[in-house]
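Peer 1: sharing a sequence plus its predicted fold:
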Amino acid sequence: MRLGTGIGWRPEIADVVEALPGIDWVETVAENICTGHLPDSLLRLRERGVTVVPHGVSLGLGGAERPDPGRLADLAARAELLAAPLVTEHIAFVRAGGPRTASPTLEASHLLPVPRTWDALDVLCENVRIAQDSLPVPLALENIAALLSWPDEELTEGQFLAELVERTGVRLLIDVANLHTNHVNRGEDPAAALDELPVEAIAYVHVAGGVEKDGVWHDTHAHPVTRPVLDVLAELRSRVEPPGVLLERDDDFPPAGELAGELAAIRATLDRAAVRGTDAPAYAGDLTSRPVAGPGAHAGKGVSRTAAHPSAHPSAPTDARPSAPASPSAPTASSAPAHPFAPAPQDSVRDRVAVAQTALLRALVAGAPAPPGFDERRLGVQSRALASKRAGVVAKVAPELPEILGSGYREAFLAYAGRRPMSGGYRRDALDFAEELLSTGRPADRAARRRLTRWWKDRAGGRPPGRTTLLLRAARAALVGG
């Protein structure tokens, strides 16, 4: 099945998306769709024969824990509701902590990079297999953008993706904007990544805009697509004809004419690159079929198969791993320790991944010290970006808060976020923020405080907790960050 040219469907631009010419399909954030009711706009698009693909953001398949059955069931239900040919998610972790680390569970509410290590790959592959068994349609996974790098990585991005595909048969959603982001922020070569990954496993491609600030590229999905991102798209198209290409835009939506212009630029880039790469293979598979993983399934694109999984050699130590690369920027992978049909990773492997991811997330959202080997400046950039995103989403989920607090909303929320790691959803975060303000006698303006009290009571009931309760919560947050 070919998807063609698409655009991300968002409620704010629903009418625009319906009116844009040449739209073959759309992608919608899965968690924003109610399982019992589709928005009228999506219903009209489906009636016109436009394919709708649900794109998940909360599974956290790269996390140390196995996927939550409830989240998997929700994603499966949305796929069936939309009659989607496939579903997509991310190679990322979004939460950490919990029983494995004897610490509170922390939510990042953001896609954080998985370390490209054999341990993390083992865990990811089992999580992907669990997800595949729970979903009614094939799964494709997206490479993410990152502001920071893990120390002591053992594989390049292309090698990591190739191993993942070979072991699980999962398809790939390649985001060319994320490849560009990682070029700027991590010094990684997009062309090298495309050379190493199995392009025949690509289900579709994302294209999005961003902005560079102080030498760091921010994948905002709120700015126009830049020429360097289109250049990466051309590199990909010179190697393979992808089944679909989609423009993502999540904020600061431009007029319809600008979106149409970006789509035209994407089509023109693909056409020019197709002429340059006349020998590039067209996708000949079926997106609705499940590819078979196994040795040689993607020959020539993975890492060496000369070394089998340690479990295949009784004489080998069970914790055998290849030595770390000489240079973090150029990992080596001369021997892969896992076979495509290797057994599930031991709990000790998941525990190691859990400890590492929890230490990183605590540094980002709870004020804990930076784990060894990380760039502290980049951790600071990522931490501020997470807090800023949190403030922006809460303002959308609870628009009354910035209205009540006025120009003081952002400063007050960022101060709150620095003390209170997020442990639930954004609506819970909005209530907790209002609760903290009221419990400390804020805002100072009495009329504003009365409005905030009414808002809080309408949604939470009861009365805001007193100072003692707030002090206990602050002590708990300090323990998390300590």
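Peer 2: Cool, the structure landed.
Peer 1: show me which residues of the helix or strand encompassing residue 348 are buried.
Peer 2: Following DSSP states H and E, one finds residue 348 within helix 347-365. Applying a neighbour-count criterion of 16 or more other Cβ atoms under 10 Å, one finds 349-350, 352-365 buried in helix 347-365. Yep, even glycine has a C-beta here, placed from its N, CA and C like the rest.
Peer 1: and for stretch 417-436?
Peer 2: 417-418, 420-423, 426, 429-436.
Peer 1: isn't residue 83 right next to residue 47, touching?
Peer 2: No - counting by Cβ atoms under 8 Å, residue 83 sits too far from residue 47 to count as a contact (11.6 Å).
Peer 1: rewinding a little: show me which of the buried residues of stretch 417-436 is closest to residue 229.
Peer 2: Distance ranking of these against residue 229, using Cβ to Cβ, places residue 426 first at 28.5 Å.
Peer 1: so what's the closest one up against?
Peer 2: For residue 426, the contact set (Cβ atoms under 8 Å, 6 or more residues apart in numbering) comprises 109, 390, 393, 394, 397.
Peer 1: dihedrals phi and psi, it?
Peer 2: phi -70, psi -30 (degrees, to the nearest 10).
Peer 1: the residue lying closest to residue 252 once chain neighbours are set aside: neighbour count?
Peer 2: Excluding its sequence neighbours, the residue lying closest to residue 252 (Cβ to Cβ, 6 or more residues apart in numbering) is residue 222, at 4.2 Å. If you count neighbours by other Cβ atoms under 10 Å, residue 222 ends up with 16.
Peer 1: try the one 3 residues further on
Peer 2: Per other Cβ under 10 Å, the neighbour tally for residue 225 reads 23.
Peer 1: and what of residue 274?
Peer 2: As a burial measure, residue 274 scores 15 neighbours (other Cβ under 10 Å).
Peer 1: quick one: it is in a helix?
Peer 2: Yes - following the definition DSSP: H, G, I helix; E, B strand; the rest coil, residue 274 is counted among the residues of a helix.
Peer 1: wait, it sits on residue 240?
Peer 2: No - applying Cβ under 8 Å as the test, residue 274 and residue 240 come out as separate, 10.4 Å apart.
Peer 1: gap between the helix holding residue 348 and the chain center?
Peer 2: Its chain's C-alpha centre lies 17 Å from the corresponding centre of helix 347-365 when counted by Cα atoms, centre = their mean, to the nearest Å.
Peer 1: tell me which residues are up against that helix.
Peer 2: Helix 347-365 is touched from outside by 63-65, 93, 95-98, 100-101, 103, 106, 108, 112, 115, 119-120, 122-123, 368-371, 374, 379, 382-383, 386-387, 417, 421-422, 480-481, with contacts defined as Cβ under 8 Å, 6+ apart.
Peer 1: name the next helix or strand following it along the chain.
Peer 2: Moving toward the C-terminus from helix 347-365, the next helix or strand (DSSP H and E) is helix 376-397.
Peer 1: pull out the buried residues from that next one.
Peer 2: By neighbour count, and taking 16+ other Cβ under 10 Å as the criterion, the buried residues in helix 376-397 are 378, 379, 381, 382, 383, 385, 386, 387, 390, 391, 394, 395.
Peer 1: okay, the angle between that helix and helix 347-365?
Peer 2: If you take axes from the mean of the first three to the mean of the last three Cα atoms, to 10 degrees, helix 376-397 sits at 80 degrees to helix 347-365.
Peer 1: could you dump helix 376-397 to PDB, C-alpha only?
Peer 2: This file holds the C-alpha atoms of helix 376-397, laid out as PDB (Å, rounded to 0.1, in the frame of the first residue of the first chain):
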ATOM      1  CA  GLU A 376      26.000  19.500  31.900                       C
ATOM      2  CA  ARG A 377      25.300  22.500  29.600                       C
ATOM      3  CA  ARG A 378      23.200  20.400  27.300                       C
ATOM      4  CA  LEU A 379      21.400  18.900  30.300                       C
ATOM      5  CA  GLY A 380      20.500  22.400  31.300                       C
ATOM      6  CA  VAL A 381      19.200  23.200  27.800                       C
ATOM      7  CA  GLN A 382      17.100  20.100  27.800                       C
ATOM      8  CA  SER A 383      15.800  20.700  31.400                       C
ATOM      9  CA  ARG A 384      14.700  24.200  30.500                       C
ATOM     10  CA  ALA A 385      13.100  23.000  27.300                       C
ATOM     11  CA  LEU A 386      11.100  20.400  29.200                       C
ATOM     12  CA  ALA A 387       9.900  23.000  31.800                       C
ATOM     13  CA  SER A 388       9.000  25.400  29.000                       C
ATOM     14  CA  LYS A 389       7.100  22.800  27.100                       C
ATOM     15  CA  ARG A 390       5.300  21.800  30.300                       C
ATOM     16  CA  ALA A 391       4.200  25.400  30.900                       C
ATOM     17  CA  GLY A 392       3.000  25.700  27.300                       C
ATOM     18  CA  VAL A 393       0.900  22.600  27.400                       C
ATOM     19  CA  VAL A 394      -0.600  23.300  30.700                       C
ATOM     20  CA  ALA A 395      -1.600  26.800  29.300                       C
ATOM     21  CA  LYS A 396      -3.400  25.000  26.500                       C
ATOM     22  CA  VAL A 397      -5.000  22.300  28.700                       C
END
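Peer 1: for the helix or strand that comes right after it, list every residue counted as buried.
Peer 2: Tracing the chain past helix 376-397, the next element assigned as helix or strand by DSSP H and E is helix 400-405. By 16+ other Cβ under 10 Å, the buried positions in helix 400-405 come out as 400, 401, 402, 404, 405.
Peer 1: give me the distance from stretch 3-14 to the chain's centre.
Peer 2: Centre to centre, stretch against its chain (Cα atoms, centre = their mean), the figure for stretch 3-14 is 18 Å.
Peer 1: report all helices and strands that the longest strand along the chain contacts.
Peer 2: Counting residues, the longest strand found in the chain (DSSP state E) is strand 103-112. Using 3 or more Cβ pairs under 8 Å, 6 or more residues apart in numbering; DSSP states H and E as the contact criterion, the secondary-structure elements in contact with strand 103-112 are strand 93-98, helix 347-365, helix 376-397, helix 467-481.
Peer 1: can you tell me which of these the model trusts least?
Peer 2: Ranked by mean pLDDT, the helices and strands packed on strand 103-112 bottom out at helix 467-481, which scores a mean of 50.
Peer 1: read off the pLDDT value for residue 128.
Peer 2: For residue 128, the predicted pLDDT is 98.
Peer 1: you'd agree it is in a helix?
Peer 2: Yes - with the criterion set as three-state DSSP, the secondary structure at residue 128 is a helix.
Peer 1: my guess is it meets residue 139, correct?
Peer 2: Yes - Residue 128 is within contact range of residue 139, at 7.1 Å (criterion: Cβ under 8 Å).
Peer 1: common neighbours of these two, please.
Peer 2: Overlap of the contact sets of residue 128 and residue 139 (by Cβ under 8 Å, 6+ apart) consists of residue 170.
Peer 1: in space, what's closest to residue 449 - neighbours in sequence excluded?
Peer 2: With Cβ to Cβ, 6+ apart as the measure, residue 443 is the residue that lies nearest to residue 449, at 5.5 Å, once sequence neighbours are left out.
Peer 1: for that neighbour, what are phi and psi?
Peer 2: Residue 443 has phi and psi values of phi -70, psi 160 when expressed as degrees, to the nearest 10.
Peer 1: tally up the residues packed near it, please.
Peer 2: When neighbours are counted by other Cβ under 10 Å, residue 443 registers 18.
Peer 1: any idea how far residue 427 is from it?
Peer 2: From residue 443 across to residue 427, the span is 21 Å (Cβ to Cβ, to the nearest Å).
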